[in-house]
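Q: Just need the structure, nothing else, for what follows:
(2 chains)
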Protein chains: 2
Amino acid sequence: MTAKGKPATEVRRGRRPGTSTTRQAILDAARARFASDGFAATTIRRIAADAAVNPSLVIQFFTSKEELFAAVMSISPTSLARISTVFDGPDEHLGERVVRAYLEVWEGLPEDSEPLMAMLRGAIVNEQAGEQLREFIQARLREGMGTVDDPDGALRAGLASSMLVGVVVGRRLVGVPILANADVETLVALVAPAIQSVLTAKP
Amino acid sequence: MTAKGKPATEVRRGRRPGTSTTRQAILDAARARFASDGFAATTIRRIAADAAVNPSLVIQFFTSKEELFAAVMSISPTSLARISTVFDGPDEHLGERVVRAYLEVWEGLPEDSEPLMAMLRGAIVNEQAGEQLREFIQARLREGMGTVDDPDGALRAGLASSMLVGVVVGRRLVGVPILANADVETLVALVAPAIQSVLTAKP
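A: Numbering: from 1, shown residues only, chains lettered A, B, ... in the order given. Next up is the predicted model:
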């Protein structure tokens, strides 16, 4: 490519952008907007305006603001769905289901776990990244998990998640051998009843 | 002070160093040695040699390699003792004791909590700091907590600690409001039975 050639810009200016260009333009606009305004204050409408597309196109590509944020963070839709839906369903074996889902997503395939690790590391190091993640988690917890039956539902889900992420931090980020070398079945046996208790026990 | 004046060096070279100079020399030698060789490979004898003092003087100032490491990390002896001894004692109310101790130390007085936060942040960001902390925690877990009665004791204590540090990360480092705004008594009510289970339940 010569210094004068700018094919990408020409394509976007010259003709209707293709699907992957549009998707990327939305992701770029969303990344910048989440970083400058935070997760809570950012709207799909605003991101669409920044990307010069119709808001319905953003929904068509990414379904919701949550899923768009996850895409910006390179978190796979499967991981997001796995963590989101695991708290639903019957209480029986809930602790075990949640422990297995967290370990699978946070310690499973690198393409699933690395973006989550990067997001956590980023949030701990960088104030702005921390604010985005804080607002994202808060929104997700508030959305699904507090019910009339259990006003502490969101807090319980948040505590269970924090505790399991703590185990992952100990195993993978700090890497303490006693923790890192424990196999999944041992972890499930020791941790699942505790998570069951946090999520369901009446205090 | 003029450019030529070097009083600190002159004092150390010219006469027997005072207590605070010796203590600082040991701390400086320990910091450098832990960083270069890691916690496990570092010996008190080696630190003493680096600081040009007798090993017995290192013990006299800092009691043990663990306490010297904590001092290098600016962790107060009270915090260290609080976290170390909390797993001892009767099983009854063990979960509650541990939860209260962790919250007190990690979220209490800034002079207690800030060095711990700094250490955790450092270990997550910096590979070398991570290795030091990993070896330190491993040594402490192996030392006191696996017994013939319960070969999983060290793993259980490590899991309980990770889970509680996870709660602190959620509350203080990421700062999710639902978690950060929960008061200590609510946390104890929800989390203590879970920690009790991790530490004592037979799988």
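Q: Indicate whether stretch A:96-105 makes contact with chain B.
A: No: on the criterion CB under 8 Å from any CB of the partner chain, stretch A:96-105 is out of touch with chain B, staying 10.8 Å away. Yep, even glycine has a C-beta here, placed from its N, CA and C like the rest.
Q: Can you give the contact residues for that stretch?
A: A:79, A:82-83, A:86-87, A:89, A:112-113, A:116, A:160-161, A:164-165, A:168, A:184, A:187-188, A:191-192, A:195-196, A:199 (CB atoms under 8 Å, 6 or more residues apart in numbering or on different chains).
Q: Surely A:Gln138 is in contact with B:Asn181?
A: No: using CB atoms under 8 Å, A:Gln138 makes no contact with B:Asn181, being 10.2 Å away.
Q: Can I get stretch A:20-32 as CSV, trimmed to CA atoms?
A: Output of stretch A:20-32 as CSV, limited to C-alpha atoms (Å, rounded to 0.1, in the frame of the first residue of the first chain):
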residue,chain,number,x,y,z
SER,A,20,-18.2,-6.5,8.8
THR,A,21,-17.4,-2.8,8.3
THR,A,22,-20.6,-1.7,9.9
ARG,A,23,-20.2,-4.2,12.8
GLN,A,24,-16.7,-2.9,13.4
ALA,A,25,-17.9,0.7,13.2
ILE,A,26,-20.5,0.0,15.8
LEU,A,27,-17.9,-1.8,18.0
ASP,A,28,-15.5,1.1,17.7
ALA,A,29,-18.1,3.7,18.5
ALA,A,30,-19.3,1.6,21.5
ARG,A,31,-15.8,1.1,22.8
ALA,A,32,-15.1,4.9,22.7
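Q: For it, buried residues please.
A: A:Thr22, A:Arg23, A:Ala25, A:Ile26, A:Leu27, A:Ala29, A:Ala30, A:Arg31 (16 or more other CB atoms under 10 Å in any protein chain shown).
Q: Give the closest residue to the fourth one in space, chain neighbours not counted.
A: Which is A:Ile26. A:Ala51 (4.8 Å; CB to CB, 6 or more residues apart in numbering or on different chains).
Q: Wait, the one you found touches A:Arg23, no?
A: No: using CB under 8 Å, A:Ala51 is not in contact with A:Arg23, being 9.7 Å away.
Q: Give me the local confidence score for the most centrally placed residue in chain A.
A: Closest to where the C-alpha atoms of chain A average out (CA atoms, centre = their mean) is A:Ala70, at 4.9 Å. With respect to pLDDT, A:Ala70 has a value of 92.
Q: repeat for A:Gly170
A: A:Gly170 is given a pLDDT of 93.
Q: Now for the residue nearest to it when sequence neighbours are not counted, how many residues are close by?
A: The shortest distance from A:Gly170 to any non-neighbouring residue, by CB to CB, 6+ apart, is to B:Ser162 (3.5 Å). Residue neighbour count, defined by other CB atoms under 10 Å in any protein chain shown, stands at 26 for B:Ser162.
Q: before we move on, which element is B:Ser162 in?
A: Assigned by DSSP states H and E, B:Ser162 belongs to helix B:153-168.
Q: Pull the residues that contact the following helix or strand past that helix.
A: Where DSSP H and E defines the elements, the next helix or strand beyond helix B:153-168 is helix B:177-180. With CB under 8 Å, 6+ apart as the test, helix B:177-180 has contacts from A:134, A:138, A:141-142, A:154-155, A:158-159, A:162, B:167, B:170-172.
Q: Please apply the same query to stretch A:119-137.
A: With CB under 8 Å, 6+ apart, stretch A:119-137 has contacts from A:34-35, A:38-40, A:66, A:69, A:73, A:75, A:158, A:161, A:165, A:169, A:173, B:121, B:124-125, B:169, B:173-177.
Q: same deal with stretch A:39-56?
A: By CB under 8 Å, 6+ apart, stretch A:39-56 touches A:22, A:25-26, A:28-30, A:32-34, A:37, A:57-59, A:65, A:68-69, A:131-133, A:135-136, A:138-139.
Q: returning to that earlier point: now do the contacts for the residue nearest to A:Gly170.
A: Contacts of B:Ser162 by CB under 8 Å, 6+ apart are A:Met163, A:Gly166, A:Val167, A:Val169, A:Gly170, A:Arg171, A:Leu179.
Q: Are stretch A:59-79 and chain B in contact anywhere?
A: No: counting by CB under 8 Å from any CB, no contacts exist between stretch A:59-79 and chain B, the nearest distance being 13.8 Å.
Q: Dump the C-alpha coordinates for whichever helix or strand A:Tyr102 is part of into CSV.
A: Element membership for A:Tyr102 (DSSP H and E) is helix A:94-107. The C-alpha coordinates for helix A:94-107 follow below in CSV (Å, rounded to 0.1, in the frame of the first residue of the first chain):
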residue,chain,number,x,y,z
LEU,A,94,-27.9,-24.6,42.2
GLY,A,95,-24.5,-24.3,44.0
GLU,A,96,-23.0,-27.0,41.9
ARG,A,97,-24.4,-25.7,38.6
VAL,A,98,-23.0,-22.2,39.4
VAL,A,99,-19.6,-23.5,40.4
ARG,A,100,-19.3,-25.6,37.3
ALA,A,101,-20.4,-22.8,35.0
TYR,A,102,-18.0,-20.3,36.5
LEU,A,103,-15.0,-22.7,36.4
GLU,A,104,-15.9,-23.7,32.8
VAL,A,105,-16.1,-20.1,31.6
TRP,A,106,-13.3,-18.6,33.6
GLU,A,107,-10.9,-21.5,33.3
